[in-house]
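**Student:** Fold the following for me, if possible:
(one chain, ligands or ions: 1)
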Amino acid sequence: MSGGPAITLKSQPIDGSNSNSGNAAGQQQQSGNNAAAASSSSSQGSAGNVPPAQEGTRQNSLQRIQQRKQKVFNLPEAQKLAKLSMYSACQAEGCRCTGWKTPQENRHRDVESSYCPELSEECRNASCRHPLRSHISHLTEISRTSMDDLLGAIIDMENLFMSMQRVEDEDTKKVYLYLFRLLRQCVLTRQQAVIRGPLGDPPFESPCITKAVLSLVFYKYNHLNPTELQTMTEVAKTFLNFLNHYNFESPSVRRSDATLTHEDASTYKINYTRWLVFCHVPAFCNSLRQFETSLVFGRTLLRTVFQYMSQQLKKKCISERDRFPEDKRSIITQMPKFLEALRAELLKDDSPIWDSSYRPPNSFVMQQRKRHQEVAPPATISAAAAASAPSSSKRSSVGEPVHKRAKKEPVERAPSENLDDLPTDVVLRAMKSVSESKTTNKAEILFPVNVSRDENVKAEEQKRAIEFHVVGNSLTKPVDKQTILWLLGLQLVFAHQLPEMPREYISQLVFDTKHKTLALIKENQPIGGICFRPFPTQGFTEIVFCAVTMAEQVKGYGTHLMNHLKDYSIQRGIKHLLTFADCDAIGYFKKQGFSKDIKLARPVYAGYIKEYDSATLMHCELHPSIVNTQFIAVIRNQSEILKELIAQRHNEVQKVRPGLTCFKEGLPSIPVESIPGLREIGWKPQMRPVRASRPLEESTDPEKLANSFQSVLQSVRQHATAWPFLRPVTAAEVPDYYDHIKYPMDLKTMGERLKKGYYQTRRLFMADMARIFSNCRFYNSPDTEYYRCANSLERYFQTKMRELGLWDK
Ligand code: ACO
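**Tutor:** Got it, this is the predicted structure:
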């Protein structure tokens, strides 16, 4: 980080601020020590490994900072003005002095204790020599709150100055210096401290860590009973709490980590600077706005710190186990399991929890919120760490600073709140009413004609009247008798239902060790099944045979079998199902989400899947965040809730309108908003979604935009994984490439387009780059070097774009 951290200040730092601070800041040696202790962890390495005693020191320091502020706010006004004068420009005409300096004889006296200089005392600065009065003449009229705000900022500044002296790490020192200058300038100009510049504004990534962790709880643990689910929720909250008080290692410490690529290291440096500026320093300097780490950072930061941080957390769990109340010990015991699950999702490129569109159902979020209101705050792994939290409740225990700025708004709202157009209690009421009507109606319905087949099958499964098992033969492990009997039974089911298939062929595949069969068992007999072969390297599963015995067909078993196979595949990271469907079965497969439109590139499956002349190839893409065996029930439930909400609204409005006649009268269309009564029932014109931040294209000139693209393109070209994309693919090198790829793109062509001024907008530039990666992934299979290069380069490209503020959050 040569030349200072990558932040610019709202107003330029003034010259000579250091020399001035040497006077005032130097007088605060003792209190500065507190700040240095409060901020020391980042300079010493990681506070994740800070011993409890040191955490206690930090906590005490934060308390002392607040106590000092309170003491200053309670000083007589004359003393407060004297303190302010030390950082206020002299108002005498032509004087450039930026702060009153105590006369030589009083140098060691402290305005924060008994010393109250006379208004006539002259400034020690040889180029000033004006009385103290000249430094405060413009401040006498300001309100008490504004004065305390300024004094708070001065104390923060002095603390930063001391921290800066103590910190060893150069990167951290530079950030402290910038923040010190920012505060200095803000005090001088009496403005609020605002950080602007290439660091960007928080939140820096979407979804944020808090949201992803909440999604993980739903994704992994929603099947647990309520008590277990609550434990996992508390484990998650404990983890977030630990992260929010975690002190990250400085980039120089991380430089020694050989596993870190150059790209990772530079990304880490940016994130570390952001963390210092927006999360860490504001914890002890509350004139700066503070953000929670878990709410403003996402996967990128967590990936880089996870390994070390989770080790620290596990160690803490062990060392602090006995301090935990017994009823909370399960949090400690479940923590390693939770961390392992989170680690796996961090590594998976397509993990749904890191997909910003992934949302746990509203009902889950509401339940979590309800629980959150009912239960105590999350367990803190270290009481000391928790106590050091800059939460308002902790601060108030040592006296809420009068000037303290309003607590920040949550930077990212809970997932459901983004959607909310109805108040939570209205939705909860509708949910309650739906579930009550289900219970009351049950007894009255003799013939449940409206209950979906899916629900009947699930009810049978719950009662264990039917079971689903994945079975297969093995040459390396003993195969139990039950499995063999089921495989024999399945072979018969397939043979009866697929009479065109030679029996030997069916036996061969059912007993082949590379194939498995998902068996539907009723009264210990297989009544249906799907024989399949997974190709994990290719990312798909081939469905070989699928059948249900004649007597059990059209009862929903075929659908439930397929849903189980989908969930089974998703859990193993497979996202595609392929099958050659018999002519008669095309309808069934269509209903299961298969299509004749094959979205996978032929080279991915050609030569792997068994091809049949008289059958039709069909493809189903799996969405990793859908639990297929629950899907129908979820949709049904949602539609019932919607109907209930409509009914409730209907009762409230109670006005029947005559209906529109304009169409009969010949009008082809009318504006939606002119439909009578529509606004009354809550309809609002749709607004275009507003982007969180204005990307560069809207805020800059074309030349600046082109320069930014040039710099991104240059970096991308130089990346280690860019080699497959540097030039166009030639038909001589890859003869069938242009049979499959209709819109080729490469980095050379992009360079030429850039020169010709083709990229007038960010979207055009991004679209071409995306084309390079999607072409590659379409043509090549996932286990190829090319495919991996595309994934890696795409991530790098996004990072570069983000750095320049060219990427939507
Ligand atoms: N053509 C069109 N639609 C069908 C067919 C079919 N052959 N079979 C079932 N469906 C429909 C059902 O009517 C139902 O639709 P709905 O929900 O709109 O009413 C839906 O598909 C699912 O019905 P389920 O009851 O869940 O399925 P079922 O238990 O009947 O099992 C199966 C379907 C496996 C196709 C069964 O009918 C069967 O064994 N058929 C004979 C064997 C066969 O053709 N297998 C497929 C060969 S291709 C291959 O194996 C790769």
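
**Student:** What number of residues are in the vicinity of residue 552?
**Tutor:** 16 (other CB atoms under 10 Å). To be clear about C-beta, it is placed using only N, CA and C from the backbone, and glycine gets the same treatment.

**Student:** Can you pull the phi and psi angles for it?
**Tutor:** For residue 552, the backbone dihedrals (degrees, to the nearest 10) come out as phi -110, psi 10.

**Student:** Over to the one 3 residues further on?
**Tutor:** Backbone torsions of residue 555, given as degrees, to the nearest 10, read phi -120, psi 0.

**Student:** my guess is it meets residue 457, correct?
**Tutor:** Yes - Residue 555 lies in contact with residue 457 (CB atoms under 8 Å); the separation is 7.0 Å.

**Student:** who's more crowded, these two?
**Tutor:** A count of neighbours by other CB under 10 Å puts residue 457 above the other of residue 555 and residue 457, at 22 against 16.

**Student:** next one: the one helix or strand residue 342 maps to to chain centre, how far?
**Tutor:** In this assignment (DSSP states H and E), residue 342 forms part of helix 329-347. Chain-centre distance of helix 329-347: 17 Å, with CA atoms, centre = their mean, to the nearest Å.

**Student:** In it, which residues are buried?
**Tutor:** 330-332, 334-335, 338-339, 341-342, 345-346 (16 or more other CB atoms under 10 Å).

**Student:** would a markdown table of the residues you listed with pLDDT be doable?
**Tutor:** As requested, the buried residues of helix 329-347 are exported to a markdown table (pLDDT from 0 to 100):
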| residue | pLDDT |
| --- | --- |
| 330 | 86 |
| 331 | 86 |
| 332 | 87 |
| 334 | 92 |
| 335 | 93 |
| 338 | 95 |
| 339 | 95 |
| 341 | 94 |
| 342 | 95 |
| 345 | 93 |
| 346 | 92 |
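
**Student:** Rebuild these as TSV, extending it with distance to the ligand.
**Tutor:** Output for those, formatted as TSV (distance: CB to the nearest ligand atom, whole Å):
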residue	distance to the ligand
330	40
331	42
332	45
334	38
335	42
338	37
339	40
341	32
342	36
345	32
346	37
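
**Student:** any chance of the residues you listed in TSV, with distance to residue 750 too?
**Tutor:** Listed next are those as TSV, based on distance: CB to CB, whole Å:
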residue	distance to residue 750
330	54
331	51
332	52
334	49
335	47
338	43
339	41
341	39
342	37
345	33
346	31
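
**Student:** Any idea how many residues pack against the residue in the stretch 351-500 of the chain that the ligand sits nearest to?
**Tutor:** Closest approach between the stretch 351-500 of the chain and the ligand, counting by CB to the nearest ligand atom: residue 497, at 3.9 Å. Residue 497 has 18 neighbours, counted by other CB under 10 Å.

**Student:** Use 608 as the first number from now on
**Tutor:** That works, and once the first residue is 608, the last one we named lands at residue 1104.

**Student:** Residue 889 and residue 899: what is the separation?
**Tutor:** 10 Å (CB to CB, to the nearest Å).

**Student:** between these two, who's got more neighbours?
**Tutor:** More crowded of residue 889 and residue 899, by other CB under 10 Å: residue 899, with 26 against 21.

**Student:** pretty sure that one contacts residue 886?
**Tutor:** Yes - if you go by CB under 8 Å, residue 899 and residue 886 touch, sitting 6.9 Å apart.

**Student:** can you tell me which helix or strand the residue in the stretch 808-957 of the chain that the ligand sits nearest to belongs to?
**Tutor:** Using CB to the nearest ligand atom, the closest approach of the stretch 808-957 of the chain to the ligand is made by residue 830 at 22.9 Å. Following DSSP H and E, there is no helix or strand that holds residue 830.

**Student:** Now for the residue of the stretch 1308-1416 of the chain found nearest the ligand, how many residues are close by?
**Tutor:** Residue nearest to the ligand within the stretch 1308-1416 of the chain (CB to the nearest ligand atom): residue 1388, separated by 22.5 Å. For residue 1388, the count of nearby residues is 20 (other CB under 10 Å).

**Student:** and what of residue 891?
**Tutor:** 25.

**Student:** Show the contacting residues for the residue of the stretch 1208-1357 of the chain found nearest the ligand.
**Tutor:** The stretch 1208-1357 of the chain approaches the ligand most closely through residue 1222 (6.9 Å), counting by CB to the nearest ligand atom. For residue 1222, the contacting residues are 1187-1190, by CB atoms under 8 Å, 6 or more residues apart in numbering.

**Student:** now the residues you listed: which count as buried?
**Tutor:** By 16+ other CB under 10 Å, these give 1187-1189 as buried.

**Student:** now the stretch 1108-1257 of the chain, which segments are flagged as low pLDDT?
**Tutor:** Within the stretch 1108-1257 of the chain, no range satisfies pLDDT under 70.

**Student:** Strands of that one, start to end?
**Tutor:** 1123-1129, 1132-1142, 1147-1155, 1183-1188, 1223-1228 (DSSP state E, counting those that start in this stretch).

**Student:** can you list the weak-confidence ranges in the stretch 1258-1407 of the chain?
**Tutor:** 1292-1307.

**Student:** who in the stretch 1108-1257 of the chain is up against the ligand?
**Tutor:** 1150, 1152-1155, 1160-1166, 1186, 1188-1189, 1191-1192, 1194-1195, 1198 (CB under 6 Å from any ligand atom).

**Student:** Quick check on those: which are buried?
**Tutor:** Neighbour-count burial (16+ other CB under 10 Å) applied to these gives 1150, 1152-1155, 1162-1166, 1186, 1188-1189, 1192, 1195.

**Student:** Buried residues, stretch 1323-1339. List them.
**Tutor:** Quick answer for stretch 1323-1339 (16+ other CB under 10 Å): 1323-1324, 1326, 1328-1329, 1331-1332, 1336.

**Student:** so how far is that stretch from its chain's centroid?
**Tutor:** The chain centre lies 31 Å from the centre of stretch 1323-1339; the measure is CA atoms, centre = their mean.

**Student:** Span of it from start to end?
**Tutor:** Start-to-end span of stretch 1323-1339 (CA to CA, to the nearest Å) is 26 Å.

**Student:** what sits up against that stretch?
**Tutor:** With CB under 8 Å, 6+ apart, stretch 1323-1339 has contacts from 870, 1344-1345, 1348, 1351, 1353-1356, 1358, 1376, 1379, 1383, 1392-1393, 1395-1397, 1399-1400, 1403-1404, 1407.

**Student:** Emit the ChimeraX select command for whichever of those are buried.
**Tutor:** The following ChimeraX line selects those of the contacts of stretch 1323-1339 that are buried, judged by 16+ other CB under 10 Å:
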select :870,1348,1353,1354,1356,1358,1376,1379,1383,1396,1397,1399,1400,1403,1404,1407
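
**Student:** Low-confidence ranges, the stretch 958-1107 of the chain, go.
**Tutor:** Ranges of the stretch 958-1107 of the chain meeting pLDDT under 70: 967-1031, 1045-1059.

**Student:** What residues does it have near the ligand?
**Tutor:** Counting by CB under 6 Å from any ligand atom, the stretch 958-1107 of the chain sits next to the ligand at 1060, 1104-1105.

**Student:** Counting only strands, which of those make the cut?
**Tutor:** Using DSSP state E to define strands, no part of these is located there.
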